[in-house]
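Undergrad: Below: sequence and its predicted model.
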Amino acid sequence: MNTSNTPSKVHINSASRKSNKRTLGDEIEIIPFNMLSNARPSKAGTSNILCNTPGKPFNNKENLTPYFPQQFESNKKSSTTKFMSINGSQIAYNENEYKIEQLEAELRRQIDENQKLREEIQKSCQEAEKTLKRTKYYKNDLYGPIYFDGNHKSINKLLRRLINVIGQEVVNRFKEETLVDCELPALNKIYVWLEESGLLNYEVLKEFRAVEAVTSLDLTYTFENLKRDITNKTFVIDDSLELHIIQNTNRLLSVFGLPNGFQYLKSFKLSFMPIEDSYFNNLRGLKNLDELVIESTGIGNEALCHLVALKSNLTFLNITGNKKIDDDSISILVLFEKLEVLLLNKTSISMDGIRKLISETQSTDLSQISIPSSCRKYLKRRYEIYCVKHKEGMKVDPSKVQFMSLLEIRQQLMFHYTVNNYINIVGHKEELEETLREILTRRNYDAKVMLLVINLK
């Protein structure tokens, strides 16, 4: 018998399977007993060698056990159902698997929560972006959008907004008439073209009200377009048409009452636009305005009260053609501290009001005025009212009259009586003194008016 440590074959036939006994064969390798990890050497120092006798049942019950597949699987399962923990205690396989499942479930729950949190954060970010856009929109609507010259993004933004306001065709016409080779238009070029085209309606004015480049504004052409459009839509010309026109011009002026409403404006023209007095309150914030032309707007003294807010910066004021402005406005006009040019032609101001203006004005820079036609006629015929040319012995200072005797007063009155025999030279001293003082005062102020009046012929 070969006692080597080489494996032997065991043949299992059908008969041995039925009897649960094994036979030696060449199909299954039999590992020698002394090669097993738990084998113990025999007392004789040699291993018990399994005999390979073909066809003979293997009856050594000491080394072989019957083959039961179900028992094998059961043993295999029972051998792997327990593990050792760190502290040496046994942990069942089912318990460990349950903990793994719990960890997996917890992980999935955390993943789901993180996903929901991520979605909520993303949704919050989207809402924040929308809120920011709305805030920018409301900010632009409240304070006016700001555009920058030479900035493509800024100019293109303005053009897009103008498309929404006045239409694509108008913007295309502007590009065709003013731009060369698709150049970037300047803000002032866009604004001037809209002004000359009469397209500065309420919505367009809102777009430009915070633009620093806008320093001059003329709404005359815009009003003409506005009036033509209203007239074409209305077939009957009556008081309601005039009221509709006034309402639209009032709306134009209301833009200037908005925050940042043309605060850089230096020149403003509103000629021949019917406007209610109260709407001039919207101009109170034009602190950089130097020149204001409100010719033939139908305003009265109340409108000038609102303009007192501009007394420290206004140098040119044209209120020509407003018949409702009378001598009561003089107490307002004298408050303008830097006024250089004042045009009062075709108003209801009298010569007495003009003299009061000249005598009480707070402006030391007033150099030119225009006056109503009645005042001009008076100045032309003043040679018939008192003695204009200075003669030897004539007194011209009205403050010296109180120190004159009755004879001196009569002598001074005679200089003026020679050109106007309606002057009283007979009477009490107090009466004649008052007459002479009035003549000299009028003569002095009329002379100052003559120096300021424009083109007196």
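TA: Noted; the coordinates are in hand. Numbering: from 1, shown residues only.
Undergrad: Name the residues that touch the one helix or strand Val171 maps to?
TA: Per DSSP states H and E: Val171 is located in helix 168-178. Helix 168-178 is contacted from outside by 159, 162-163, 182, 185, 189-190, 193-194, 199, using C-beta atoms under 8 Å, 6 or more residues apart in numbering. Just so you know, the C-beta spots here come from the backbone N, C-alpha and C atoms, and that holds for glycine as well.
Undergrad: Below-threshold pLDDT in the chain: ranges please.
TA: 1-93, 234-239, 457 (pLDDT under 70).
Undergrad: wait, Tyr386 sits on Thr441?
TA: No. Counting by C-beta atoms under 8 Å, Tyr386 stays clear of Thr441, with 10.7 Å between them.
Undergrad: returning to what we had before: would you turn the contacts of helix 168-178 into a markdown table with neighbour count, distance to Ile354 and secondary structure?
TA: As requested, these are arranged in a markdown table below (neighbours: other C-beta atoms under 10 Å; distance: C-beta to C-beta, whole Å; DSSP: H, G, I helix; E, B strand; the rest coil):
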| residue | neighbour count | distance to Ile354 | secondary structure |
| --- | --- | --- | --- |
| Leu159 | 15 | 50 | helix |
| Leu162 | 21 | 47 | helix |
| Ile163 | 14 | 52 | helix |
| Cys182 | 7 | 57 | coil |
| Pro185 | 18 | 47 | coil |
| Lys189 | 16 | 43 | helix |
| Ile190 | 22 | 43 | helix |
| Trp193 | 17 | 41 | helix |
| Leu194 | 22 | 40 | helix |
| Leu199 | 17 | 40 | coil |
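Undergrad: In those residues, find the pair that's most separated.
TA: Cys182 and Leu199 (21.8 Å; C-beta to C-beta).
Undergrad: So what does Thr291 have for phi and psi?
TA: Just to correct that, residue 291 is Glu rather than Thr. As for Glu291, its main-chain torsions (degrees, to the nearest 10) stand at phi -120, psi 130.
Undergrad: Surely it is in contact with Lys338?
TA: No. Assessed by C-beta under 8 Å, Glu291 is found out of contact with Lys338, at 11.7 Å.
Undergrad: Report all helices and strands that the longest helix belonging to the chain contacts.
TA: In the chain, assigned by DSSP state H, the helix with the most residues is helix 93-143. Secondary-structure packing of helix 93-143 (3 or more C-beta pairs under 8 Å, 6 or more residues apart in numbering; DSSP states H and E): strand 82-84.
Undergrad: please redo it, this time with the cut-off set to 6 Å
TA: Applying 3 or more C-beta pairs under 6 Å, 6 or more residues apart in numbering; DSSP states H and E, one finds that helix 93-143 contacts no other helix or strand.
Undergrad: And for the closest residue to Ile425 other than its chain neighbours, the neighbour number?
TA: Take Ile425 and drop its neighbours on the chain: the residue closest to it by C-beta to C-beta, 6 or more residues apart in numbering is Leu413, 4.7 Å away. Using other C-beta atoms under 10 Å, Leu413 has 19 neighbouring residues.
Undergrad: Please identify the helix or strand for Leu413.
TA: Leu413 belongs to helix 406-417, assigned by DSSP H and E.
Undergrad: and stretch 286-305, C-alpha only, in CSV?
TA: The C-alpha trace of stretch 286-305 is given here as CSV (Å, rounded to 0.1, in the frame of the first residue of the first chain):
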residue,chain,number,x,y,z
LEU,A,286,-34.6,120.8,-10.2
LYS,A,287,-31.8,122.2,-8.1
ASN,A,288,-29.4,122.5,-11.1
LEU,A,289,-31.9,124.2,-13.4
ASP,A,290,-30.5,127.5,-14.7
GLU,A,291,-33.0,128.3,-17.5
LEU,A,292,-36.8,127.9,-17.5
VAL,A,293,-39.1,128.8,-20.3
ILE,A,294,-42.8,128.5,-19.6
GLU,A,295,-44.1,130.9,-22.2
SER,A,296,-47.8,130.9,-22.9
THR,A,297,-48.6,128.0,-20.6
GLY,A,298,-51.7,129.7,-19.1
ILE,A,299,-50.2,129.8,-15.6
GLY,A,300,-50.9,132.3,-12.9
ASN,A,301,-49.2,133.6,-9.7
GLU,A,302,-49.7,130.2,-8.0
ALA,A,303,-47.3,128.5,-10.4
LEU,A,304,-44.6,131.1,-9.5
CYS,A,305,-45.1,130.3,-5.8
